[in-house]
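Chemist: Sequence plus the predicted model coming up.
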Amino acid sequence: MAQFDSNFHDMTEGIRAVASPADAADLLNTIVDGYGLETAAFLTVRPVYEEPSKPFYLTTYSPEWVKRYIEKEFFDIDPVLRCGLRALTLVD
């Protein structure tokens with residue numbers, strides 16, 4: 001439990017330090033490594049770094065998978081995305 005608490009503190013401090021998309025991508029990779037995850041993704045429909053009409057996303061999935069996901073329009077059937085777009089807080 002102490003390791004979780006330490007990781008969580010480090011991650012929340014890292015969020016405060018994010019000032020660019022590159023910083024956010026680095027933090028996402030740090031979170032994946034820190035928690036021993038295989039992959040992670042972050043999406044916001046009200047981006048901080050881009051035009052308001054464009055969603056902002058980061059992912060540790062391979063570029064090949066992201067390309068396929070977009071080409072096949074999986075976002076139309078992705079249950080996690082649907083849940084996340086209705087959620088008021090983060091989705092795990």
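Modeler: That came in fine, so what should we check first?

Chemist: List the contacts of the residue nearest to the spatial centre of the chain.
Modeler: The centre of the chain sits closest to residue 42, judged by C-alpha atoms, centre = their mean, with a distance of 1.7 Å. Applying C-beta atoms under 8 Å, 6 or more residues apart in numbering to residue 42 gives the contacts 24, 28, 57-59. All C-beta spots, glycine's among them, are computed from the backbone N, C-alpha and C.

Chemist: run the last query once more with 10 Å
Modeler: By C-beta atoms under 10 Å, 6 or more residues apart in numbering, the residues touching residue 42 are 24-25, 27-28, 31, 56-60, 84, 90.

Chemist: just these now: which is nearest residue 70?
Modeler: Among those, residue 57 lies closest to residue 70 (C-beta to C-beta), at 10.2 Å.

Chemist: doesn't residue 44 make contact with the closest one?
Modeler: Yes - with contact defined as C-beta atoms under 10 Å, residue 57 reaches residue 44; the gap is 7.6 Å.

Chemist: Now for residue 28, how many residues are close by?
Modeler: Residue 28 is flanked by 21 other residues according to other C-beta atoms under 10 Å.
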